[in-house]
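>>> just the structure for this:
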Amino acid sequence: MEAAKTFLSWPVLRQLRGRDPLGRGAAVRSERTDALTARTSSADRVAKSICPYCAVGCAQRVFVKDEEVVQIEGDPDSPVSRGRLCPKGSASKNLVTSPLRQMKVRYRRPFGTDWEDLDLDSAMEMIADRVVKARNDTWQELDEKSNPVRRTLGIASLGGATLDNEENYLIKKLFTALGAIQIENQARI
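This is a model prediction of the structure:
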């Protein structure tokens, strides 16, 4: 229980009467201040991660308590960012904890005006069906001079700079195997 406040406990008076004339130490401390702890000190575990915003790949430490993210900070062990995060990286906790985050697959039918929820399996089947149909409908075995081309111009890929080399490699392999030739990445544009 906090002691009753009096005029003599006012921080400015403590500052002027004590050994802290600049008010940067004991004069400005209170019981409440002394009881505060960092969100990171009460975390159950720390997970290592990478910031999702750009291609720099700044390392993050994700502090978790009761299976909830309580704080995200830069990882000082990272040779890339040495514990620093840009303003967007520092705010990346909101990607996970925001009440506005969509947790379901949302779909709006062609010419529809309302969104509907889909289960993930249905959405994945729809995507696969559309990719196969686009490939089949636009497949070219030969060009106009009867040269073999075995390609489709009905599928294209534009990758993002947040993906790492391994992800970009796998995406390039997938789209090449599908016969797509229009494969680009945001980092080159």
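>>> how many residues are close by residue 59?
Using other C-beta atoms under 10 Å, residue 59 has 21 neighbouring residues. To be clear about C-beta, it is placed using only N, CA and C from the backbone, and glycine gets the same treatment.
>>> ditto for residue 15
18.
>>> and it, what element?
Per DSSP states H and E: residue 15 is located in helix 11-17.
>>> ok, residues contacting that helix?
7, 20-23, 26-28, 30 (C-beta atoms under 8 Å, 6 or more residues apart in numbering).
>>> what do you get for stretch 108-123?
Residues contacting stretch 108-123 (C-beta under 8 Å, 6+ apart): 104-107, 126.
>>> average pLDDT for that stretch?
For stretch 108-123, mean pLDDT is 94.
>>> any idea how far residue 87 is from residue 58?
12 Å (C-beta to C-beta, to the nearest Å).
>>> between those two, who's got more neighbours?
residue 58 (23 against 7).
>>> quick check: the more buried one vs residue 97, distance?
In terms of C-beta to C-beta, residue 58 sits 19 Å off from residue 97.
>>> and for residue 125?
For residue 125, the distance to residue 97 - C-beta to C-beta - is 31 Å.
>>> repeat that for residue 38.
According to C-beta to C-beta, residue 38 and residue 97 sit 17 Å apart.
>>> what does residue 111 give?
35 Å.
>>> what of residue 161?
Distance of residue 161 to residue 97, computed by C-beta to C-beta: 25 Å.
>>> which SS class is residue 157?
Here residue 157 is recorded as strand under DSSP: H, G, I helix; E, B strand; the rest coil.
>>> confirm for me that it is in contact with residue 171.
Yes. Counting by C-beta atoms under 8 Å, residue 157 touches residue 171, with 6.2 Å between them.
>>> joint contacts of these two?
Common contacts of residue 157 and residue 171 (C-beta under 8 Å, 6+ apart): residue 183.
>>> can you check the pLDDT for the residue nearest in space to the middle of the chain?
Closest to where the C-alpha atoms of the chain average out (C-alpha atoms, centre = their mean) is residue 52, at 4.0 Å. Looking at residue 52, its pLDDT reads 82.
>>> ok, and the closest non-adjacent residue to it?
Spatially, and ignoring its direct neighbours in sequence, residue 52 is nearest to residue 162 (5.6 Å; C-beta to C-beta, 6 or more residues apart in numbering).
>>> quick revisit: quick one: which of residue 111 and residue 97 has more around it?
residue 97 (12 against 5).
>>> report the separation between that one and residue 64.
From residue 97 to residue 64 the distance is 11 Å (C-beta to C-beta).
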